[in-house]
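>>> what's the 3D shape of this:
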Amino acid sequence: MSMFITVSRAGEELLPLARQFSEEWSIPLIRSRPLPQEGLGLILQREGPALYAPPAPPKQWHPGFAKNRWVSREHDTLIRALGGPNLWGLTVLDGTFGMGHDALLMARCGAHVIAYEHNPLMAYYALRGVASYDLDAATRLSVRLGDHATHPLEERVDVVYLDPMYPEL
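Residues are numbered from 1 along each chain as shown. Here you go, the predicted model:
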């Protein structure tokens, strides 16, 4: 999948950060308009990053159904499977971070979550979104780039969680 980074027209002060990400992640920095109509883009803007997956318009991160799941966390399937809703002291490896919704829920219940995401744009976008939504929960969340299967952990993990959307894992 092709990827790119850009800054919004009103966010030129974010250009140094975009250049840094471009270099660190080896992802092209696009300055021209219109933006590419294929691939995945991260648009840095003053109000927070937006994810651009054409043909859909760019979108800022949102808590999705995780905010509703928090209200009824005693009945949430994932939290019940982990023995929750009090997950304090539990360390969870989330092998499929994605948008961060499941990791957010687990962290809000007190778990320390070590999450893996292979796409650096998604990792930044979701972690920044989680932190802007619930900074306290974000302090119990560490996101690592790569695949959980190829990066050995030095920490003790109580639970390995792989999103059921990815049955091949």
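>>> Tell me the spacing between residue 93 and residue 111.
In this structure, residue 93 and residue 111 are 10 Å apart, going by C-beta to C-beta, to the nearest Å. To be clear about C-beta, it is placed using only N, CA and C from the backbone, and glycine gets the same treatment.
>>> The two: who's more crowded?
Legend: neighbour count by other C-beta atoms under 10 Å for residue 93 and residue 111, higher for residue 111 (27 against 18).
>>> what about that one, distance to residue 70?
From residue 111 across to residue 70, the span is 13 Å (C-beta to C-beta).
>>> for the nearest residue to residue 40 once chain neighbours are set aside, what are its contacts?
Distance criterion C-beta to C-beta, 6 or more residues apart in numbering; nearest residue to residue 40, sequence neighbours excluded, is residue 3 at 5.0 Å. The contact partners of residue 3, taken as C-beta atoms under 8 Å, 6 or more residues apart in numbering, are 27-28, 39-42, 119, 121.
>>> repeat that with 10 Å
Residue 3 makes contact with 25-28, 36, 39-42, 119-122 under the criterion C-beta atoms under 10 Å, 6 or more residues apart in numbering.
>>> Can I get the lowest-mean-pLDDT helix or strand in the chain in PDB, CA atoms only?
The helix or strand of the chain with the lowest confidence, counting by mean pLDDT, DSSP states H and E, is helix 66-71 at a mean of 85. Only the C-alpha atoms of helix 66-71 are listed here, as PDB (Å, rounded to 0.1, in the frame of the first residue of the first chain):
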ATOM      1  CA  ALA A  66     -15.400   2.500  22.600                       C
ATOM      2  CA  LYS A  67     -17.100   5.400  24.300                       C
ATOM      3  CA  ASN A  68     -20.300   3.400  24.500                       C
ATOM      4  CA  ARG A  69     -18.500   0.300  25.500                       C
ATOM      5  CA  TRP A  70     -17.000   2.100  28.500                       C
ATOM      6  CA  VAL A  71     -20.500   2.900  29.800                       C
END
